[in-house]
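>>> Give me the fold of what follows.
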Amino acid sequence: MTAGIELTEETIFTWGAPPLKFGAGAVDEIGFEMAQFGARRVLILTDPQISALGIPARIAESLTRHGITSEIFDGVHVEPTDDSMDKAAGYAREQGPWDGFIAVGGGSSIDTAKAVNLMTTDGGSNPVSDLWCEKALTLLAQSFRTAFRHGDDLEARGNTMLAATFAGMGFGNSGVHIPHANAYPIAGMVKDYRPPNYPQDEPMVPHGMSVSLTAPEAFRFSFPSAPERHLAAAALLAPDADKPNDPGEQLPAAVIRLMRDIEIPNGIGAVGYTEADIPDLVPGTMKQQRLLATCPRPVDEEDIAGIFARSMENW
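Here you go, the predicted model:
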């Protein structure tokens with residue numbers, strides 16, 4: 001008891017999750033579960049090793065018992081690449097249409113099935129994600145600078161937090177690509193950089209900073225894949241700014257303008273990297289194939305090296 005108030009431990013625990021069926025033999029009930037969705041034709045996606053164990057064939061039998069026809073695609077690449085995703089999606093398009101997809105295996109099969117579902121229904125442009133991301137960009141354009149300069153402005157801070165929430169809801173449904181993949185080695189291989197207003201007892205490159213440092217150059221790289229989407233993002237992020245004559249520079253320019261205004265370091269050189277570090281940075285990025293696979297343009301080691309090199313300084 002303290003001042004007449006009884007202190008108790010928190011006892012409320014909330015957990016939300018999609019339906020999960022777990023246990024030996026659960027695989028034989030997939031036919032029943034798919035039938036509840038009204039599926040009549042299903043594509044099973046797996047890798048060669050899992051396929052050789054006979055599990056996908058066993059699932060196909062379960063589907064057949066419930067009046068569902070199916071085919072097995074066993075070309076999933078462990079740690080999917082853009083090429084393997086394209087091949088899976090190409091097979092699905094040629095053999096489709098499908099009422100549903102079943103992933104058999106680990107994360108590689110699951111991620112491939114997600115990508116195939118997206119690429120065969122919306123061409124890869126997720127409209128729900130677009131709504132959240134567009135709103136996030138609008139809020140950032142209105143409030144990010146004010147929140148940075150005037151920390152006591154609760155409306156600006158609230159809008160910035162809301163933008164972060166909306167952005168997460170957006171890319172949570174569509175994924176992220178090169179800037180996030182590059183952020184892993186940038187943050188993981190940091191030498192001596194200590195960001196202002198952070199604890200100074202150890203070097204670090206904060207996540208938001210590490211993602212932003214190569215974003216302008218990454219957007220120059222991805223621009224040819226979807227010019228209209230890059231231009232739309234630039235218009236939302238910098239609605240009142242003068243636009244560069246080169247369309248491919250409009251989004252990088254908008255991002256750089258914001259980076260400068262909120263005092264993001266000027267490129268990876270400003271956080272301690274030199275061109276001599278690029279051969280070590282590139283492998284760290286290439287390990288993030290789950291991220292690179294969602295880039296709208298195929299990307300290889302040479303491309304990533306070039307992006308790092310041109311991101312030594314952003315302005």
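
>>> Okay, buried residues for the top helix by length along the chain please.
For the chain, the helix with the greatest residue count under DSSP state H is helix 127-149. Using 16 or more other Cβ atoms under 10 Å as the test for burial, helix 127-149 gives 129-130, 132-133, 135-145, 147-148. C-beta: built from backbone N, CA, C; applies to glycine.

>>> Which strands or helices does it pack on?
helix 154-174, helix 227-237, helix 250-261 (3 or more Cβ pairs under 8 Å, 6 or more residues apart in numbering; DSSP states H and E).

>>> closest one to Phe308 among these?
Set against Phe308 and scored by Cβ to Cβ, the helices and strands packed on helix 127-149 come closest in helix 250-261, at 15.4 Å.

>>> Tell me what angle that closest one forms with helix 127-149.
Angle of helix 250-261 versus helix 127-149, following axes from the mean of the first three to the mean of the last three Cα atoms, to 10 degrees, is 30 degrees.

>>> Beyond helix 250-261, next helix or strand please.
Per DSSP states H and E, the first helix or strand lying C-terminal to helix 250-261 is helix 278-286.

>>> got a list of contacts for the helix or strand following that next one?
Counting by DSSP H and E, the next helix or strand C-terminal to helix 278-286 is helix 289-292. Helix 289-292 is contacted from outside by 79-82, 107, 111, 175-178, 180-181, 285-286, 299, using Cβ atoms under 8 Å, 6 or more residues apart in numbering.

>>> re earlier: right, so of the helices and strands packed on helix 127-149, which gets closest to Ala103?
Of all those, it is helix 154-174 that lies closest to Ala103, at 17.1 Å by Cβ to Cβ.

>>> what's around Val282, how many residues?
By the measure other Cβ atoms under 10 Å, the count of residues near Val282 is 21.

>>> Am I right that it is in contact with Val299?
No. The pair Val282 and Val299 fails to qualify as a contact (Cβ atoms under 8 Å) at a distance of 11.0 Å.

>>> between the two, what contacts are shared?
Common neighbours of Val282 and Val299 (Cβ under 8 Å, 6+ apart) do not exist.

>>> what's the following helix or strand after the helix or strand harbouring Met34?
In this structure, Met34 sits in helix 30-36 according to DSSP H and E. Counting by DSSP H and E, the element after helix 30-36 in chain order, helix or strand, is strand 41-45.

>>> Give the pairing partners of that next one; include direction for each.
In the sheet, strand 41-45 lines up against strand 69-73 (parallel), strand 100-103 (parallel) (DSSP bridges).

>>> which residues of the protein score low on pLDDT?
Residues of the chain meeting the criterion pLDDT under 70: 1-10, 122-124.

>>> Emit the PyMOL select command for whichever of the contacts of helix 289-292 are buried.
Provided next is the PyMOL selection string for whichever of the contacts of helix 289-292 are buried by 16+ other Cβ under 10 Å:
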select buried, resi 80+82+111+175+176+177+178+180+181+285+299
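
>>> so what's Glu71 up against?
With contact set as Cβ under 8 Å, 6+ apart, Glu71 has these partners: Leu43, Ile44, Gln95.

>>> which of those residues lies closest to Asp261?
Nearest to Asp261 among the contacts of Glu71, counting by Cβ to Cβ, is Leu43 at 47.8 Å.

>>> Point out the most buried one among the helices and strands packed on helix 127-149.
helix 250-261 (a mean of 20; mean count of other Cβ atoms under 10 Å).

>>> Which elements pack onto it?
On a contact count with 3+ Cβ pairs under 8 Å, 6+ apart, helix 250-261 meets helix 127-149, helix 215-222, helix 227-237.

>>> Give me the contacts around the second one.
Read it as helix 215-222. 177-179, 182, 230, 248-249, 251-253, 255-256, 259, 295-297, 299, 303, 307, 310-311, 314.

>>> domain ranges for this structure?
The record's domain parsing of the chain by automatic domain parsing lists 26-121, 176-309.

>>> To Met169, which of the ones you listed lies closest?
Smallest distance to Met169 across the domains of the chain (Cβ to Cβ): 13.0 Å, for domain 176-309.

>>> What's the end-to-end length of the closest one?
End-to-end distance of domain 176-309 (Cα to Cα, to the nearest Å): 21 Å.

>>> for stretch 35-48, same thing?
Distance between the boundary residues of stretch 35-48 (Cα to Cα) amounts to 26 Å.

>>> in it, what's buried?
By 16+ other Cβ under 10 Å, the buried positions in stretch 35-48 come out as Ala35, Ala39, Arg40, Val42, Leu43, Ile44, Leu45, Thr46, Asp47.

>>> Now render the residues you listed as a markdown table, adding distance to Pro195.
Supplementary listing: these in a markdown table, determined by distance: Cβ to Cβ, whole Å:
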| residue | distance to Pro195 |
| --- | --- |
| Ala35 | 55 |
| Ala39 | 51 |
| Arg40 | 56 |
| Val42 | 50 |
| Leu43 | 47 |
| Ile44 | 48 |
| Leu45 | 42 |
| Thr46 | 44 |
| Asp47 | 41 |
